[in-house]
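1. heads up, no residue letters with this:
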C-alpha cells in the first residue's frame, strides 16, 4: 500500500510539474505572440511610411531648380556682354583697317609706296 501510495504521489507530482511546464510554455508563447504583434505592427507601419511617403525632399528639388535657372540667367548675361564686346571689337578692327587703307592710299598718292605687285620682267 505504501508503495502504491508512493507511486501515486510520484505520479501526481510528475503530473503537477508537467502541468506547470505546459502552463509556463503556453504563457511564454502567448507573451511572444503579443510582443511579435506589437513589434510587427511598428515594423509594418514604418515600412508603409517608407514605401508610400515622399521619396525626394522638395527643398532638394528647389535647390536644383534654382541652380539651373540661375545658370540660365547668368548665361544670358554673359552672352549679351560677349556680343557687345565682339561688336565693339569688330568696330575697332574696321576702324584700324580703314585707317591703314587711308594711310596706304596717301603713300600711293605721294609716290612713296612700294609697288603692290612684283614688276613684270621682260620676256
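-> Now that the structure is in, tell me what you want to look at. Note that the coordinates shown come from a computational prediction; the quantities given were computed from them, not determined experimentally.
2. make it CA atoms for all contacts and neighbour counts henceforth
-> Fine.
3. report pLDDT for residue 119.
-> Predicted confidence (pLDDT) for residue 119: 57.
4. I should have written residue 25 there, sorry.
-> Model confidence at residue 25 (pLDDT) stands at 90.
5. that one: what secondary structure?
-> Following DSSP: H, G, I helix; E, B strand; the rest coil, residue 25 is assigned to helix.
6. please apply the same query to the one 10 residues further on.
-> The local conformation at residue 35, judged by three-state DSSP, is helix.
7. for it, grab the count of nearby residues.
-> The tally of other residues near residue 35 (other CA atoms under 10 Å) stands at 12.
8. how about residue 79?
-> 11.
9. list of residues touching stretch 74-88?
-> Under the contact criterion CA atoms under 8 Å, 6 or more residues apart in numbering, stretch 74-88 has no outside partners.
10. what distance separates it from the centre of its chain?
-> From the chain centre to the centre of stretch 74-88 is a distance of 31 Å (CA atoms, centre = their mean, to the nearest Å).
11. can you check stretch 67-84 too?
-> 24 Å.
12. likewise stretch 47-61?
-> In terms of CA atoms, centre = their mean, the centre of stretch 47-61 is set 14 Å apart from its chain centre.
13. buried residues, it. List them.
-> Across stretch 47-61, burial judged by 16 or more other CA atoms under 10 Å covers no residue at all.
14. in what helix or strand does residue 22 lie?
-> Assigned by DSSP states H and E, residue 22 belongs to helix 2-52.
15. helix or strand next in line after that helix, which one?
-> Counting by DSSP H and E, the element after helix 2-52 in chain order, helix or strand, is helix 58-110.
16. tell me the mean pLDDT over that following helix?
-> The model assigns helix 58-110 a mean pLDDT of 95.
17. domain assignment for the chain?
-> Domain assignment of the chain by automatic domain parsing yields the ranges 13-53, 55-110.
18. could those be laid out in CSV, adding distance to residue 3?
-> CSV is the format used below for the domains of the chain (distance: least, CA to CA, whole Å):
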stretch, distance to residue 3
domain 13-53, 15
domain 55-110, 77
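19. nearest to residue 6, of those domains?
-> domain 13-53 (10.3 Å; CA to CA).
20. what average pLDDT does stretch 38-48 get?
-> Stretch 38-48 comes out at a mean pLDDT of 83.
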